[in-house]
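> Build me a model:
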Amino acid sequence: METALAAPLVLVLLLGVIEWGYYFDQQSSVAAIALDAAGAGSRVLSTANPTGVAHDRAVDALASAGFSTADAVVTTSTGVASAGATISVTITLPYEPISGIVPSPAFLRGAATVRKQVD
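Predicted coordinates:
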């Protein structure tokens, strides 16, 4: 009797742990890709097209990590901070949950800002 009452609750809790663990893994990957793309753009900040380099790096990394790039929004921008030039990369893409039973965020988002690396 107690098992019949507790089993659904335990199952939902287990699905929640799995779903949120998967979400945080995907979120961490997107944040790392944004940082890597900003770093790639910062290495060419004063010479080439840094936003193009960062954008291409982000899209390539998303594709090789298994994310769908069709719905991904990658924005890049350059700016000037007190310590020098910066490049920012923001990646937003829809999150596809495993089960759909447990409420989860609709989007994954990663953002990074990096200063120009010294030559």
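
> Now do whatever helix or strand Ala7 lives in: which elements does it pack against?
Assessed by DSSP states H and E, Ala7 sits inside helix 2-42. The criterion is 3 or more CB pairs under 8 Å, 6 or more residues apart in numbering; DSSP states H and E, and the helices and strands that helix 2-42 contacts are helix 50-64, strand 73-81, strand 84-94, strand 107-115. For glycine as for every other residue, the C-beta is placed from the backbone atoms N, C-alpha and C.

> And the residue nearest to the spatial centre of the chain, how far from Leu15?
Centroid check for the chain by CA atoms, centre = their mean gives Val30 as the closest residue, at 1.9 Å. To Leu15, Val30 is 23 Å away according to CB to CB, to the nearest Å.

> hmm, back to that, can you redo the helices and strands packed on helix 2-42 as CSV, where the extra columns are mean pLDDT, distance to Ser42 and mean neighbour count?
Shown next, in CSV, are the helices and strands packed on helix 2-42 (pLDDT from 0 to 100; distance: least, CB to CB, whole Å; neighbours: other CB atoms under 10 Å):
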stretch, mean pLDDT, distance to Ser42, mean neighbour count
helix 50-64, 92, 7, 19
strand 73-81, 82, 10, 14
strand 84-94, 90, 5, 19
strand 107-115, 93, 4, 18
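
> can these go into a markdown table with extra columns for distance to Tyr22?
What follows is those, written out as a markdown table (distance: least, CB to CB, whole Å):
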| stretch | distance to Tyr22 |
| --- | --- |
| helix 50-64 | 17 |
| strand 73-81 | 21 |
| strand 84-94 | 14 |
| strand 107-115 | 11 |
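
> Ala34 is nearest to which of those?
Among the helices and strands packed on helix 2-42, strand 107-115 comes nearest to Ala34, with 3.7 Å by CB to CB.

> What strands line up against the closest one, and which way round?
strand 84-94 (antiparallel) (DSSP bridges).

> what does the partner strand contact?
30, 33-35, 37-38, 41-42, 45-46, 50-51, 54-55, 58, 62, 67-68, 71-80, 106-116 (CB atoms under 8 Å, 6 or more residues apart in numbering).

> thinking again about what came up before, touching, the residue nearest to the centre of the chain and Gly110? I think so.
Yes. Assessed by CB atoms under 8 Å, Val30 is found in contact with Gly110 at 3.7 Å.
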